[in-house]
Each structure stands twice: as C-alpha cells, then as structure tokens.
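*Asks:* 3D, please:
(one chain, ligands or ions: 1)
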Amino acid sequence: MGIVGFKHSEETKKKLSELAKGRPSPRKGCVLSDETKKKLSLAAMGRSSWIKGKNHSEETKLKLSLVRQKTLFTDPERLCTKCNKIKSREEFFVVKKLRTPSLSSWCKDCYRKLARDWHRKNKERQAKKFIEYKKANPEKFTVYYSEKRANRLKACVPWADKKKISLYYTIAKLYTEIYGEQYHVDHIVPLQGKNVCGLHVEYNLQILPAIENMKKGNRL
Ligand SMILES: [Zn+2]
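*Replies:* Okay, here's the model as predicted:
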C-alpha cells in the first residue's frame, strides 16, 4: 500500500507521473494463480462497493453512457443472457427507454419465444377480455368495422381525418342514447353507389336515424 499516512507533494506527483508515462504496468502479463484469485475474491467479499451510497456526477454519467453506447453499437456480436448464445448485433432489439439507446440483453428469438408462450398460456383469458372490451366500447368497433368495409371497397384515402370520422360515430351513439332511437353514420355519397362511389372521409358523413338510413340504401 505504499507509504501509509504520507502524501506526495503535487510536484513529486507530477514527476512520478512523467516517469510512469509509456512504462508498462508492473502487473502486465502476470497471470494470477487460482489460489490467489480465490484469496482476492475472499478478501473482496462483504466489502462494500466504492460507489455505494454515492452518486456519479452528471459528467461521469454522460461519459459512462457514451462508453456503453460506443461498445454496444460497435461490437459486431453480443451475448444473449437468456439462451447464452453469441449472436450478431442485428439479433437484438434497440431499447430507447434509457437516456441513451441501448441493446436488449435478450435476443429477438428469446423475446419472441416468451411472447408466444405467454400468448399460448393466456389465450382464453385474453379472448374473454377482448369480448368484455368490445361490449364496453361498441363505438370503437363501429369505427373499426366501417373503416374495414371502406377499405374493402377501396374508399379509404390517406388524407381522411380519422379523429373527425370517429367523432361522427361518437355523436351517433350519443344521439341514440338521448333520443332512444337508433342513429347511424351515413355516407352522403354511398360507397357502393350505382353511378358514383363516395369516399370514407369526414365530409362525406352525416348522422341519420337508422330508419331513414335504411330507406336511403345505396341511393344518392
Ligand atoms: Zn437468446
């Protein structure tokens, strides 16, 4: 441990550092015997980490994250901690949860397997949940099915305002509740008209009582 209780002056420290430059570490090339390793490990046991109870400074945190990022994205291969196989970097997900993006510790295959197993295990419960959700939010599914139908009829356009469209369905549901009579969202120009075909866009929608909507049919 050197000279206990004695401190080198700044000048001496500088001199020592100059001397040490370029000199290989005295321990370079040393191979520790298993016995020594065991001794060292035993000595370290129970000793608390030097960082325990302290926090890294912001600067150190940044440095550490940069180092981590650099090694993460330059190493061509990485060890999956789940299946213990070394795989190429593309086999891992990029995790953007942290301040700096990192790579997942499990490979994609392991995550996929986990998801598959979970799905298999919870199939029935999920199906039940889905039915309950559908019952509780019927208007969401009306929007979904109307879009699906419009898609099938090739009446969907990318510039349609989906929020405004779903608003029509919400209002129709409200009308139904308020007036105690079914209200539908109708396409002013029908999607399957005889001569013209309308689009599934917000300005081609109107709210009509269900009876009138049925009377109208596919006529303009
Ligand atoms: Zn894996």
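
*Asks:* Give me the neighbour count for residue 128.
*Replies:* 11 (other Cβ atoms under 10 Å). Where C-beta positions appear, they are placed from N, C-alpha and C, glycine not excepted.

*Asks:* which other residues reach stretch 185-204?
*Replies:* Applying Cβ atoms under 8 Å, 6 or more residues apart in numbering, the contact partners of stretch 185-204 are 142, 146-147, 149-150, 153, 155-157, 159-161, 164-165, 168-169, 172, 205-208, 213, 216-220.

*Asks:* If you average the pLDDT over that stretch, what comes out?
*Replies:* In this model, stretch 185-204 has an average pLDDT of 88.

*Asks:* How far does that stretch stretch from one end to the other?
*Replies:* 10 Å (Cα to Cα, to the nearest Å).

*Asks:* ok, residues contacting the strand or helix carrying residue 172?
*Replies:* Using DSSP states H and E, residue 172 maps to helix 162-179. Contacts of helix 162-179 from elsewhere in the structure, counted by Cβ under 8 Å, 6+ apart, are 138-140, 142-143, 146-147, 182-185, 200-202, 205, 207.

*Asks:* And stretch 80-89, by the same measure?
*Replies:* Under the contact criterion Cβ under 8 Å, 6+ apart, stretch 80-89 has outside partners 73, 75-79, 91-92, 103, 105-107, 109-110.

*Asks:* Also within reach of the ion: list those from these.
*Replies:* Of the entries in the contacts of stretch 80-89, the ones placed beside the ion under the rule of Cβ under 5 Å from the ion are 107, 110.

*Asks:* Go through the contacts of stretch 80-89 and give me the one with the most neighbours.
*Replies:* Neighbour counts for those were taken using other Cβ under 10 Å; the highest belongs to residue 107, with 24 neighbours.

*Asks:* Which residue is the nearest non-sequential neighbour of it?
*Replies:* If the residues on either side of it in the chain are set aside, residue 107 comes closest to residue 80, at 4.0 Å by Cβ to Cβ, 6 or more residues apart in numbering.

*Asks:* Which phi and psi values does the one you found adopt?
*Replies:* For residue 80, the backbone dihedrals are phi -80, psi 130 (criterion: degrees, to the nearest 10).

*Asks:* what distance separates stretch 40-51 from the centre of its chain?
*Replies:* 37 Å (Cα atoms, centre = their mean, to the nearest Å).

*Asks:* I misspoke; the intended subject was stretch 32-40.
*Replies:* Stretch 32-40 has its C-alpha centroid displaced from the chain centroid by 44 Å (Cα atoms, centre = their mean).

*Asks:* secondary structure element for residue 145?
*Replies:* Residue 145 is part of helix 138-152, with elements assigned from DSSP H and E.

*Asks:* Check residue 105 too.
*Replies:* When elements are defined using DSSP H and E, residue 105 is found to belong to strand 102-107.
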